[in-house]
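Asks: below is the sequence, then the predicted model.
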Amino acid sequence: MIETINLKKHFQVGRNQTLHAVDGISLSIAENEILGLVGESGSGKSTFGKTLIGLHERTAGDAFFDGLPLPQKFTAKDHLRYSADIQMIFQDPYASLNPRMTVLDIIGEGLALKGIPRADIQEEVGFWLRRVGLHPDHMSRFPHEFSGGQRQRIGIARAMIIKPKFVVCDEPISALDVSVQAQVVNLLEDLKDSLGLTLLFIAHDLSMVRYISDRMAVMYLGTLVESGPSDAVFFEPKHPYTRLLIQSNPEADPILERSRPSAELTGEITSPINVGPGCRFADRCPEVMPQCKAVTPQPRLIVSDHQVACHLYDQT
């Protein structure tokens, strides 16, 4: 359903200075599949999601939805055209909701644009409020009257009410309590099955990503370093960065957490401005080799559907 080929998004941050936020991402998401996108803060995950659905203009590369090319720069007509099929759950629930609109108008806006009568919209909004763990009486309130977790659930209801085909979930559970996170993740899985949804699930919680995702992709400083089936990436990571990222995932058992060795990284983070050739992780990698700093590694298939961009596998 979704495919990107060498997708790039660069920002000009000063005279002759270019920030390589997303730098050549090629991946695909099959219909009714959940792809988990992980990586530390600043790796470009959210920027990739926003560029894919047209909130940022692509610097280069191609993006396809249902086999048809998406425009490089979305116009107002393009957003209206694709909004029925493509939606996004935003990371910041405080910035993504209009403070002057009621919950009814926020969640029902997509239906209103379709010309659905207000009485029907009110009934549908009440249904979705219950489905995300809120009460229909909340539809007359404004966003400032809710907590961060409640606002996030409002954002989820807004995205799902029009029954899209593809949803970018940008940290949809980061603002929620642990007890509610499982409810929302199970809700997304139910919606995937009942509506045939395809999801790009962006998150930091590797255990949750492994639980909900069919496949997992790992980003580092704008590049894709590894991708494959979720269990294969989580339990048999190939790239040194993926290994360290998974080692840093905390154990639920405090005794095991205290006894296991530290996964602390050394070295400086490579600047994402005016990036030269070589692996972005070379300055922090415990297995760095001379070619890592001179030649940019290309993704290669290690085993079935498991790719890694690392010079350690040049001879395989």
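Replies: Done, it's in.
Asks: pLDDT below threshold where in the stretch 51-200 of the chain?
Replies: The model of the stretch 51-200 of the chain has no residue with pLDDT under 70.
Asks: tell me the contacts of Asp85?
Replies: Neighbouring residues of Asp85 by Cβ atoms under 8 Å, 6 or more residues apart in numbering: 65-66, 164-166. (Each C-beta comes from the backbone N, C-alpha and C, glycine too.)
Asks: please, a PyMOL command that selects the buried ones among the residues you listed?
Replies: Those of those that meet the burial criterion (16 or more other Cβ atoms under 10 Å) are gathered into one PyMOL selection, given here:
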select buried, resi 65+164+165+166
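Asks: between the contacts of Asp85, which is closest to Val103?
Replies: For Val103, the nearest member of these is Pro164. The distance, counting by Cβ to Cβ, is 19.5 Å.
Asks: grab the nearest non-local neighbour of that closest one.
Replies: Leaving out its chain neighbours, the residue that sits closest to Pro164 by Cβ to Cβ, 6 or more residues apart in numbering is Gln87, at 4.3 Å.
Asks: and the one you found, that's in a strand?
Replies: Yes: assigned with DSSP: H, G, I helix; E, B strand; the rest coil, Gln87 falls within a strand.
Asks: can you tell me which of the contacts of Asp85 are in strands?
Replies: Using DSSP state E, the subset of the contacts of Asp85 located in strands is 65, 166.
Asks: for the residue nearest to Pro164, grab the count of nearby residues.
Replies: The local packing count at Gln87 equals 24, with neighbours defined by other Cβ atoms under 10 Å.
Asks: isn't it right up against Asp170?
Replies: No: using Cβ atoms under 8 Å, Gln87 makes no contact with Asp170, being 11.2 Å away.
Asks: just the pLDDT for Phe235.
Replies: What the model reports as pLDDT for Phe235 is 93.
Asks: number the chain from 712, please
Replies: In the new numbering, first residue 712, that becomes Phe946.
Asks: and the residue nearest to Pro875, what are its bridge partners?
Replies: Taking DSSP bridges, one finds Val878 as the beta-bridge partners of Gln798.
Asks: doesn't Lys761 lie inside a helix?
Replies: Yes: secondary structure of Lys761, determined by three-state DSSP: located in a helix.
Asks: picking that back up, closest to Ser754 among the contacts of Asp796?
Replies: Minimum separation from Ser754 among the contacts of Asp796 (Cβ to Cβ) is found for Phe877, which lies at 21.6 Å.
Asks: farthest pair within the contacts of Asp796?
Replies: Greatest spatial distance in the contacts of Asp796: Asp777 and Pro875, 12.2 Å, computed using Cβ to Cβ.
Asks: all helices of the stretch 812-961 of the chain, in order?
Replies: Taking DSSP state H, counting those that start in this stretch as the criterion, the stretch 812-961 of the chain contains helices spanning 814-824, 829-842, 859-871, 889-906, 917-923, 941-946, 951-958.
Asks: pick the most buried one from these.
Replies: Mean neighbour counts were compared across these using mean count of other Cβ atoms under 10 Å; the top stretch is helix 859-871, at a mean of 23.
Asks: helices or strands next to that one in the packing?
Replies: strand 797-800, helix 814-824, helix 829-842, helix 889-906 (3 or more Cβ pairs under 8 Å, 6 or more residues apart in numbering; DSSP states H and E).
Asks: take these and write them to a markdown table, including distance to Ala993.
Replies: Rendered in a markdown table, the data for the helices and strands packed on helix 859-871 read as follows (distance: least, Cβ to Cβ, whole Å):
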| stretch | distance to Ala993 |
| --- | --- |
| strand 797-800 | 33 |
| helix 814-824 | 45 |
| helix 829-842 | 47 |
| helix 889-906 | 35 |
